[in-house]
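Chemist: here is my input, please return the structure:
(one chain, ligands or ions: 1)
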Amino acid sequence: MTELKNDRFLRALMRQPVDRTPIWMMRQAGRYLPEYRATRAQAGSFLDLCKNAELACEVTMQPLRRYPMDAAILFSDILTVPDALGLGLYFEEGEGPRFCKTVRSEEDLAALNDIKAADDLSYVMNAVSTIRRELNGAVPLIGFSGSPWTLATYMVEGGSSKDFRRIKAMAYDQPQLMHALLALLADAVADYLTEQVKAGAQALQIFDTWGGSLSAAGYKEFSLKYMQRIIARLPNEHEGRPVPVIVFTKGGGQWLPAIAGCGAQAVGIDWTTDIALAREQVGDRVALQGNMDPAMLYASPARIREEVAGILAGFGHGTGHVFNLGHGITPEVNPDHVTAFVDAVQELSPQYHQG
Ligand code: CP3
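Modeler: Numbers count the residues shown, from 1 in each chain. Next comes the predicted model:
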């Protein structure tokens with residue numbers, strides 16, 4: 001086992017002292033980078049890229065060559081799990097993800113494959129171990145999955161949705177069917193994340209991209225409860241180190257006190273939440289990750305730096321903050337603006353970690 005050369009990301013997640021605030025970016029490997037677009041063209045489709053361990057490793061490393069990020073994230077997608085369950089994932093150019101089959105009845109649910117991540121998602125585990133080898137201890141590797149609720153939105157709707165009308169009708173009219181699907185997904189995700197840890201993931205993030213579309217009561221019943229169930233079943237440590245879990249519910253800012261109690265070591269917050277208030281609400285129960293508006297990267301480098309300064313001051317002194325965007329970086333961003341963003345965090349954050 002190689003020694004980690006930079007562990008400030010893992011230390012901040014565990015709220016241990018660090019020399020400066022660590023940073024990584026959601027979707028840091030992606031279309032805003034010309035080198036990503038080149039590798040993607042070489043691979044063929046996006047899914048071919050995910051299934052080729054060498055190329056998935058290459059695109060994971062690309063942002064790290066440009067920017068001094070404190071973590072790498074596995075290059076894959078949250079929808080690999082529903083694909084393995086038998087729904088047939090494909091991407092329609094310009095329209096986002098689609099499934100050949102959907103889950104809208106007891107029969108659809110019963111028809112899903114019984115999966116074991118080690119076998120049915122072995123291409124993801126190959127990517128994880130290939131990336132770990134290539135990183136050679138430079139920075140920690142983040143594994144991830146979608147939350148059961150977020151995965152279910154795609155499985156029930158058949159793709160992306162604006163109003164979630166089918167899944168919400170199911171949740172409100174057929175709660176038993178909804179809970180059966182969410183329980184199945186929680187089992188599959190717990191197994192999937194456990195296998196990622198065994199393959200080399202050193203921290204985990206659960207993307208609850210659509211939890212924020214629920215009511216306050218609905219969020220606890222249909223999303224938070226199942227993330228809690230997953231976390232309770234994950235290995236607490238691996239290779240002699242804890243494996244911290246980050247829960248990111250986009251739009252979950254008003255439920256922070258509840259989210260902070262779900263068993264995760266860290267909570268991701270989007271840009272609509274005031275990070276100073278968030279810290280007050282969670283206290284020392286969890287670390288916080290976030291939360292610059294991704295659209296700030298369209299502004300000038302000077303304005304980006306000002307925003308970084310404000311977020312650092314908002315969180316204030318001490319450990320427990322991982323800098324990130326409040327959601328994924330978008331394809332139209334100029335890569336030089338990312339340089340300004342990362343440099344600002346590197347240069348302005350040490351003052352918050354002295355004494
Ligand atoms: O963060 C990273 O760099 C790791 C890679 C990663 C991807 N998807 C790569 C990707 C991660 C962590 C994801 C998670 C993901 N996928 C989420 C949750 C995160 C979030 O943004 O809230 C969701 C909802 C998905 C589902 C999905 N996959 C969508 C909506 C899309 C975009 C479709 C489009 O055409 O815009 C994808 C495809 C996808 N996943 C791309 C990438 C780099 C773009 C594919 C391409 O190259 O065309």
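
Chemist: residue boundaries of the strands in the stretch 1-150 of the chain?
Modeler: 72-73, 89-92, 96-99, 141-146 (DSSP state E, counting those that start in this stretch).

Chemist: spatially nearest residue to residue 101 (excluding sequence neighbours)?
Modeler: Nearest residue to residue 101, sequence neighbours excluded (C-beta to C-beta, 6 or more residues apart in numbering): residue 87, at 4.9 Å. Bear in mind the C-beta positions are built from the backbone N, C-alpha and C, glycine included.

Chemist: was I right to think the one you found contacts residue 99?
Modeler: Yes - using C-beta atoms under 8 Å, residue 87 and residue 99 qualify as a contacting pair, with a distance of 4.2 Å.

Chemist: give me the common contacts of these two.
Modeler: residue 155 (C-beta atoms under 8 Å, 6 or more residues apart in numbering).

Chemist: before we move on, back to that, ok, the residue nearest to residue 101 to the ligand distance?
Modeler: 13 Å (C-beta to the nearest ligand atom, to the nearest Å).

Chemist: phi first, then psi, for the closest residue in space to residue 295 that isn't next to it in sequence.
Modeler: Leaving aside its sequence neighbours, residue 295 sits nearest to residue 330 (C-beta to C-beta, 6+ apart; 7.5 Å). Torsion angles at residue 330 (phi, psi; degrees, to the nearest 10) stand at phi -100, psi 150.

Chemist: would you map the strands across the stretch 151-300 of the chain?
Modeler: Along the stretch 151-300 of the chain, counting by DSSP E, counting those that start in this stretch, strands occupy 203-208, 237-238, 241-242, 245-249, 266-268, 287-292.

Chemist: could I get those strands as a markdown table with distance to residue 47?
Modeler: Shown next, in a markdown table, are those (distance: least, C-beta to C-beta, whole Å):
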| stretch | distance to residue 47 |
| --- | --- |
| strand 203-208 | 18 |
| strand 237-238 | 28 |
| strand 241-242 | 32 |
| strand 245-249 | 23 |
| strand 266-268 | 26 |
| strand 287-292 | 28 |
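
Chemist: low-confidence ranges in the protein?
Modeler: By pLDDT under 70, the low-scoring segments of the chain are 1.

Chemist: which bits of it sit near the ligand?
Modeler: Taking C-beta under 6 Å from any ligand atom as the contact definition, the chain meets the ligand at 26-31, 40, 46, 73, 75, 77-79, 96-97, 144, 160, 207, 209, 328.

Chemist: write the PyMOL selection for whichever of the residues you listed are buried.
Modeler: Buried subset of the residues of the chain next to the ligand, written as a PyMOL selection, criterion 16 or more other C-beta atoms under 10 Å:
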select buried, resi 26+27+28+29+30+40+73+75+77+78+79+97+144+207+209+328
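
Chemist: and of the strands of the stretch 151-300 of the chain, who's closest to residue 316?
Modeler: Using C-beta to C-beta as the measure, strand 287-292 is the one of the strands of the stretch 151-300 of the chain that comes nearest residue 316, at 11.0 Å.

Chemist: what's the closest one packed up against?
Modeler: When contacts are defined as 3 or more C-beta pairs under 8 Å, 6 or more residues apart in numbering; DSSP states H and E, strand 287-292 packs onto strand 266-268, helix 275-282, helix 301-315, strand 321-325.

Chemist: in TSV: those, plus mean neighbour count.
Modeler: Shown next, in TSV, are the helices and strands packed on strand 287-292 (neighbours: other C-beta atoms under 10 Å):
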stretch	mean neighbour count
strand 266-268	27
helix 275-282	18
helix 301-315	17
strand 321-325	28
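
Chemist: between these, which one is nearest to residue 185?
Modeler: Here strand 266-268 is closest among the helices and strands packed on strand 287-292 (C-beta to C-beta), at 19.7 Å.

Chemist: distance from the chain centre to that closest one, please.
Modeler: 10 Å (C-alpha atoms, centre = their mean, to the nearest Å).

Chemist: what about residue 214, how many residues close to it?
Modeler: 24 (other C-beta atoms under 10 Å).

Chemist: dihedrals phi and psi, it?
Modeler: Per degrees, to the nearest 10, the backbone of residue 214 is at phi -90, psi 160.

Chemist: I'd say it and residue 225 touch.
Modeler: No - counting by C-beta under 8 Å, residue 214 does not reach residue 225; the two are 11.5 Å apart.

Chemist: residue 109 is nearest to which of the strands of the stretch 151-300 of the chain?
Modeler: Between the strands of the stretch 151-300 of the chain, strand 203-208 lies closest to residue 109; by C-beta to C-beta that is 21.2 Å.

Chemist: state the distance from the nearest residue to residue 167 once chain neighbours are set aside to residue 101.
Modeler: In this structure, residue 167 finds its nearest non-sequential neighbour in residue 156, 4.1 Å apart by C-beta to C-beta, 6+ apart. Plainly put, residue 156 is 11 Å away from residue 101 if you go by C-beta to C-beta, to the nearest Å.

Chemist: between these two, who's got more neighbours?
Modeler: residue 156 (24 against 15).
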